[in-house]
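Trainee: Output the structure for:
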Amino acid sequence: MNRTITLLLLFLCLSLQAQRVLPESERAKVIDEILEDRFNNLLPELMDRTGIDMWLLISREYNEDPVLRTMLPATWLNARRRTILLFYRNKENNTIEKLAVARYDVGNNITSAWDKEKQPDQWKRLIELIAERNPSKIALNFSKDHNIADGLDKTDYDEFMQNLPKAFHKNVVSAEQLAVGWIETRTKREMVIYDQLVDITHDIIEEAFSEQVITAGITTTTEVEWWMRQKVTDMGLETWFHPTVDIQRSSENLVSHLYSFSGRPDDMVILPGDLLHCDFGITYLRLNTDCQELAYVLKPEETQAPEFLRNGLKAGNRVQDFLTRNMIKGRTGNEILATALQQARAAGLQPAIYTHPLGMYGHSAGTTIGMWDSQDGVMKDDGENYPLNPNTVYAIELNTTITIPEWKRDIRIMLEEAGFFGEEGFRYVNGRQTDLLLIPRVKKHQGN
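Mentor: Predicted coordinates:
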């Protein structure tokens, strides 16, 4: 294939990928439509589930509550001045009010409820709205256990409590269960989009781990990382963390798990016989992916990866299966972790599981199923008691250590894929890796 044809095919590939990414104006339309659905249908359900009839979110510009950020319309990139959102649920009448104690509407979904000419004081107007509705609970975003639900800063909390009449102080509660529910729960339309987003992520990894990007003996790991970063930018998307690429090879000993993400050497030249691993995630339509996959660099005489590496990937898939079979509604992350690890170890595997919620944030809200340095479970103040809820997405992140006699060393099979937990159980959002990516994809062998 000559260079002109190769470049033409690459251009067509890039064009097809670009077609899946909406222009900014269309993205804004989709984001606002999803927000409308979430406010009108999901939010009332969550408020009823948590027993909260009033939820207040208070933020100032450039110091936004992480939950409030997810509620802003597509044309709002930040809060403005002090932004106060008030959601009031009247379950008896089956209504939900979405109000902003601000000078203007917050998009099409949240209506301004403050006329500064009639009431110059923003706090006093907020108190008027509270008194008119007389809620049984006033939920604020403070939480010890869930960082995403802890977005109310001390200044705004102090000023609110100083202005709130004493009679209402007993009604103030933490909104953590509601805030986490809002962040973790995915709608049907979001899941349709999520499949496309993970598919794009897989395609970028497949291209990065191919002869189109990597020339053995020349290309370095750092060059591949920056290629992935640039690819995302060229497609009009964003990464929520810098990609990483690392190598395991026969001539080097296995080191700490942290090596793959921090402290590894830069600019390692990729060689035949290397096992490559990447960690990569993108952001699109306010959703995030997080994916780790493996590739093998063929030696000149090889047409497939060595059997011991193919079996290693199968071992990693088995650990995934032990984890996902134990993802059962109502179980806590610690319960899921303990059972999955016990079963995997009983099967002769050497697993480590550190799966996290995925969604509006890369490290999102929900139950914690292990951490790489907490394989005995997380402590109570890390969300130990929070249950697994349906309609949630998790990054199924884990590894297993295997012994390779041919290399006279251990290696670590590290995998991560987006998985959806719904009312009918678990499924991968867009499949999972079950075969090693090969570099190059097709070897051309001539006769003797």
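Trainee: Need the phi and psi values for the closest residue to residue 314 other than its chain neighbours.
Mentor: Nearest residue to residue 314, sequence neighbours excluded (CB to CB, 6 or more residues apart in numbering): residue 434, at 7.9 Å. Backbone N, C-alpha and C define where each C-beta goes, glycine included. When read as degrees, to the nearest 10, the backbone of residue 434 gives phi -120, psi -10.
Trainee: Now do residue 434 against residue 40, distance only.
Mentor: Noted for residue 434: a distance of 40 Å to residue 40, by CB to CB, to the nearest Å.
Trainee: quick revisit: hmm, the residue nearest to residue 314 is touching residue 313, no?
Mentor: Yes. In terms of CB atoms under 8 Å, residue 434 counts as a neighbour of residue 313; the distance is 7.1 Å.
Trainee: Who has more neighbours out of those two?
Mentor: Legend: neighbour count by other CB atoms under 10 Å for residue 434 and residue 313, higher for residue 313 (22 against 11).
Trainee: can you tell me the helix or strand for the more buried one?
Mentor: Using DSSP states H and E, residue 313 sits within helix 307-325.
Trainee: how about the helices in the stretch 301-448 of the chain?
Mentor: Assigned by DSSP state H, counting those that start in this stretch, the stretch 301-448 of the chain shows helices spanning 307-325, 333-346.
Trainee: any chance of the ones you listed in a markdown table, plus mean pLDDT and distance to residue 389?
Mentor: Formatted as a markdown table, these follow (pLDDT from 0 to 100; distance: least, CB to CB, whole Å):
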| stretch | mean pLDDT | distance to residue 389 |
| --- | --- | --- |
| helix 307-325 | 98 | 16 |
| helix 333-346 | 96 | 12 |
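Trainee: quick one: which of those is nearest residue 410?
Mentor: helix 307-325 (10.3 Å; CB to CB).
Trainee: Tell me what angle that closest one forms with helix 333-346.
Mentor: 140 degrees (axes from the mean of the first three to the mean of the last three CA atoms, to 10 degrees).
Trainee: Okay, buried residues for helix 307-325 please.
Mentor: 309, 312, 313, 315, 316, 318, 319, 320, 322, 323, 324 (16 or more other CB atoms under 10 Å).
Trainee: Quick check: the last one vs residue 338, distance?
Mentor: Remark: distance between residue 324 and residue 338 (CB to CB) = 15 Å.
Trainee: before we move on, what about the second one?
Mentor: In this structure, residue 312 and residue 338 are 25 Å apart, going by CB to CB.
Trainee: Relative to residue 415, how far out is the residue nearest to residue 314?
Mentor: Taking CB to CB, one finds residue 434 at 10 Å from residue 415.
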